[in-house]
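K.L.:
how would this look folded up:
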Amino acid sequence: MAPVAVAQPTDVLSNKLDKSHLATKPTSELKQPDIEYHPNEVKWKARTARRLAEDPSLPDTPLPEGFPKVLESPLVWEGKDWTDESQWTYQLSDVQLEEIDAALKYFRGLEKPLGHVNQDNFPLPKLGPILKDLARGLHTGRGFFVLRTLPVNSYSREDVIIVYAGVSSYVGNSRGVQDCDGGVIAHIKDLTETHPAKTIGAPAYTTDKQVFHTDAGDIISLFALETAAEGGTSRISSSWTVYNELAKSRPDLIKTLSEPWPLDGFGRDPAYKLRPLLFCEDGKVIIQYARRLFTGFLGLPRSTDIPPITEAQAEALDTIHFLAEKYNLGLNFQKGDIQYINNLSIFHARDAFTDTAEKKRHLLRLWLRNEELAWKLPQPLEDAWDLLYRSATADEERFALEPEIRSASKGRGGESGKYV
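P.N.:
Residues are numbered from 1 along each chain as shown. Below is the predicted model of the structure:
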C-alpha cells in the first residue's frame, strides 16, 4: 500500500464541520486580531480586560455539554509538584544497555528494512515489561517519563535510530507517519545556517523559542542526540491543570476552544479546515492545537484569503499559553535521554537556544500510539489518526538519517508540500 497523504499534524484533522458561522461577512471584510506566534503578555492582559469590560457576564458562561467542572487525575499536576527528576526519570542499568545492544544485533542479523523494527524482532525480555509499565503511566499516571541514558556515541546514526525505534516499540507499538513519503522519524534541529528563512515554516528548524502546543498522535517521543551549548530547555505542562483553571474562572474560553476554528492550510487545498481544538471524550478532555496554524511563522505567514480568528479565539490562544507557562515543568534533557509524553493531555514547549560549532542541539522525534492502552478518540480526530497510523506498511516506513524539513513545515519560499 503506498503512503497516503497526511493533511497536517495537529494541523491535520478532519473537517466535516459547518463553516456557516464564518460566513456572516466576506472574508475580505474580516480582520485578523493583533496576535503573533510569540505571545505578548501585555497584549493578552489588555485583550482580556477589554473583553471582560465589554461583557462582564463571560465568566458566567455555562460549560459546554458534557465537559466536567473539574478533572481529578494524576494527569492534573503543576511543575512545583515535582521536586526531583528521579520522580520522572528511569535510569537504564548496564545490564539493560547490554540487552538493548543484543537486541540491535539480533535485528541487524535479520537483514530487514527498518520499518520492521518491533517488539518481536527487537527482543527485550527483561527491560520490555518495565517499558510497558512506564507506558501505562503515560495513559493513567502523570503522563510523562524520561528514559536515561542511551550511549549515542557508541552507535552509527542508523543503529541509533534502530535502537530508538526498537525501545520505543514497547511504549507505543504503532509509529505515525510524519511526512508524505512514509517518513516516520523527524529531526528537530536548527537549519537556518543551511536554509533561507523563507523556506522554514516551523520553529522546530530554528533556535527560536517554541510556544506551548501539541503535536499529532497519542504519544510524542523526543530523543536527544545532542543538547544545545546554551538554553533549549524542554518544557511540559498539564493541559488538564490548565483546563481546571479555565473551567473555574473563564468557562467561556472552554466554550470557545470547543467550537470550530479555521486552521490555515498555507496555500494548500483546501485553503483552511474547521474543527474544535478541545474535546471531551469518554470522560477525558483532549486538546489538539498548534499556535502557528492561527498566526503563521517565518516562511509561512498567516494566509490572508481565509477567515481570521476571532478576538475570543485570540484571547483563548494566549490564555492557554500563559497558563501552561505558569504551571510548567522544565526537564533536564541530557544527551542520550528519551522523553515520552501523553500528547493528548500535556503541552510541550522549548526555550530558545544557542548552538556552537562543537555542540549543536539535535533531537529525533517519533509519534507513537499504544494500541492496547490508547484513549478513545473524538470523532473529528479519527480520520487523521487513521492516516497517521495506517497509511504506511512496515516496508514503506522511511527513516531519514539526516535532518530535513517536513512538507507541511516548508515555507512558501521553498518547495510546496501538501502533507504533514
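
K.L.:
so A247 makes contact with I254?
P.N.:
Yes - checked against CB atoms under 8 Å, the pair A247 and I254 is within contact range at 5.8 Å. For the C-beta atoms, the positions are set from N, CA and C on the backbone; glycine is no exception.

K.L.:
Quickly list what's touching both of the two.
P.N.:
The contact sets of A247 and I254 overlap at 63, 67 (CB atoms under 8 Å, 6 or more residues apart in numbering).

K.L.:
Pick out whichever of those two has more residues nearby.
P.N.:
Shown here are A247 and I254; by other CB atoms under 10 Å, I254 has more neighbours (21 against 18).

K.L.:
per-residue confidence at the more buried one?
P.N.:
Per-residue pLDDT puts I254 at 98.

K.L.:
so it, which of the three states?
P.N.:
At I254 the chain is in helix, as set by DSSP: H, G, I helix; E, B strand; the rest coil.

K.L.:
how about it, what does it touch?
P.N.:
For I254, the contacting residues are 63-64, 67, 243, 246-247, 278, by CB under 8 Å, 6+ apart.

K.L.:
What of F223?
P.N.:
150, 164, 337-339, 363-366.

K.L.:
And the furthest pair within the residues you listed?
P.N.:
L150 and R365 (15.2 Å; CB to CB).

K.L.:
Give the residue from those two that has the larger number of neighbours.
P.N.:
Between L150 and R365, L150 has the larger neighbour count (other CB under 10 Å), namely 22 against 18.

K.L.:
For the nearest residue to that one once chain neighbours are set aside, which three-state class applies?
P.N.:
Counting by CB to CB, 6 or more residues apart in numbering, L150 lies nearest to G336, which is 4.6 Å off, once chain neighbours are set aside. Assigned state for G336: coil (three-state reduction, three-state DSSP).

K.L.:
isn't G336 right up against S154?
P.N.:
No - contact criterion CB under 8 Å: G336 and S154 do not qualify, at 9.6 Å.

K.L.:
Have a look at those two and say which one is more surrounded.
P.N.:
Using other CB under 10 Å, the more surrounded residue of G336 and S154 is G336, with 20 against 12.

K.L.:
Surely I341 is within a strand?
P.N.:
Yes - I341: assigned to a strand according to three-state DSSP.

K.L.:
residues near it, how many?
P.N.:
24.

K.L.:
Could you do F347 as well?
P.N.:
By other CB under 10 Å, neighbour count at F347 equals 26.

K.L.:
Kindly provide the distance from it to P251.
P.N.:
20 Å (CB to CB, to the nearest Å).

K.L.:
How about E230?
P.N.:
41 Å.

K.L.:
helix, strand or coil for E99?
P.N.:
Classified using three-state DSSP, E99 is helix.
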